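# Provided below for reference: sequence and predicted model.
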Amino acid sequence: MKKLLSIVAAGALLLGLAGCASSGDGGDSAGGDAPKALGDLVVGFAQVGAESGWRTANTKDIQDSFKEAGIELKFSDAQQKQENQIKAIRSYIQQGVDYIAFSPVVETGWDAVLNEAKAAGIPVILTDRAVDSKDTSLYVSFLGSDFIEEGKKAGQWVLDEYKDATEPVNIVQLEGTTGAAPAIDRAEGFAEVIADNENLKVVASQTGDFTRAGGKQVMEAMLKSQPDIDLVYAHNDDMGLGAIEAIEAAGLVPGEDIKIVTVDAVHDGMQALADGKINFIVECSPLLGAQLVDIIKTLNEGGTVEPRIITEETTFTQEQAIEALPDRKY
């Protein structure tokens, strides 16, 4: 992302207008009227898993940010299973942590456990991914990217790249985890934009579960079932990197014979872009730790936070990737 949305100073940083605290009790400090010392705070974080380079970088950034802030972080890895995340959240409730944060593996099925956290008076912060619930009082804030916009940016590059196409352009889509917000939204945004050119056709779409192995496996099958593929749209870099392996194994040249567009901009993806194997990447920064810490500091001090905090994102061409790589943090 060009830079994360400017929510930078602890305390005042994420302070919103009182009217913005429409997410229920979440704007109150878990510690009551008097703020707790940061060293006395305990935060439970339920991570999706370690399915990709993006997620690994996200985990490290969150852990490092809390360590730097001197706040105790209890961490769990759900291994991409919703039942594991729910179990972890219930454990945090039983332990009486001050705050709970998590990145939901799928959008639905959270109301029961989030109501338990609300009943216990523990504010919940969503990071990276949203939940599909009509009751927005179940969480204080959602910190993360606009996945629909990411899909639109990917679609716009494809629209521009094939603006002069007079014949069908066959696109295959490697979807993220079924039911996950980024998978749903990145597909929606992409489809909306490419609909402007009737020659752009998604001829196959299947989940690769956001993993490199999944992307490779799905791409191998698509190369057999779809003889004329012009472009791959992968919902993250890791699946795109898996697709590259499959394309090369088939004796084709990724980036030339089959163009590739991905989302994330992690180091391996950026290197593939610099090498010409990927053609375009929409950035989705995993570095959310400092912003999450700031949200918790604000709540601890009795302040309120915006119910939706969107991170700003950029895009990368090959030339831009070559320029950015030396200073890349992930």
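On my side now, so go ahead.

# Now do the helices in the stretch 1-150 of the chain.
Counting by DSSP state H, counting those that start in this stretch, the segments of the stretch 1-150 of the chain that form helices are 53-69, 82-95, 111-119, 147-161.

# Buried residues, the second one. List them.
Of the residues in helix 82-95, Gln82, Asn84, Gln85, Ile86, Ala88, Ile89, Tyr92, Ile93 count as buried by neighbour count, 16 or more other C-beta atoms under 10 Å. The way it works is simple: take the backbone N, C-alpha and C, and place the C-beta from them, glycine included.

# Thr127 contacts Pro104, correct?
No: judged on C-beta atoms under 8 Å, Thr127 makes no contact with Pro104 at a distance of 9.2 Å.

# More neighbours: which of those two?
Using other C-beta atoms under 10 Å, the more surrounded residue of Thr127 and Pro104 is Pro104, with 27 against 24.

# Can you name the residues that contact the spatially most distant residue from the centre of the chain?
Most distant residue from the mean C-alpha position of the chain: Thr166, 35.1 Å away (C-alpha atoms, centre = their mean). By C-beta atoms under 8 Å, 6 or more residues apart in numbering, the contact list for Thr166 reads Asn199.

# Next: the one 3 residues further on.
Applying C-beta under 8 Å, 6+ apart, we find Val169 in contact with Val158, Tyr162, Asn199, Leu200, Lys201, Asp230, Leu231.

# how much space between the residue farthest from the centre of the chain and Gln226?
Here the criterion is C-beta to C-beta, to the nearest Å. By it, Thr166 lies 21 Å from Gln226.

# cool, Gly276 as well?
For Gly276, the distance to Gln226 - C-beta to C-beta - is 23 Å.

# quick one: low-confidence ranges for this protein?
Under the criterion pLDDT under 70, the flagged ranges of the chain are 1-33.

# cutoff 90 now
1-34, 51-53, 227, 311-313, 327-330 (pLDDT under 90).

# Torsion angles phi and psi at the nearest residue in space to Ile71 that is not next to it in sequence?
Spatial nearest neighbour of Ile71, excluding adjacent residues (C-beta to C-beta, 6 or more residues apart in numbering): Leu41 at 4.9 Å. With angles defined as degrees, to the nearest 10, Leu41 sits at phi -80, psi 150.

# Would you check that Leu41 makes contact with Ile122?
No: the pair Leu41 / Ile122 is not scored as a contact, 12.0 Å apart, by C-beta under 8 Å.

# intersection of neighbour lists for these two?
Residues within reach of Leu41 and of Ile122 at once, by C-beta under 8 Å, 6+ apart, are Asp98, Tyr99.

# Show me how far stretch 154-172 is from its chain's centre.
Distance, stretch centre to chain centre, for stretch 154-172: 25 Å (C-alpha atoms, centre = their mean, to the nearest Å).

# about what we covered before: pick out whichever of the contacts of Val169 sits closest to Thr56.
Distance to Thr56 across the contacts of Val169 (C-beta to C-beta) is lowest for Leu231, with 27.4 Å.

# What number of residues are in the vicinity of the closest one?
By other C-beta under 10 Å, the residues close to Leu231 number 20.

# what bridges to it?
Note on Leu231: beta-bridge partners by DSSP bridges are Ile171, Lys259.

# That one reaches Asp257, doesn't it?
No: assessed by C-beta under 8 Å, Leu231 is found out of contact with Asp257, at 10.6 Å.
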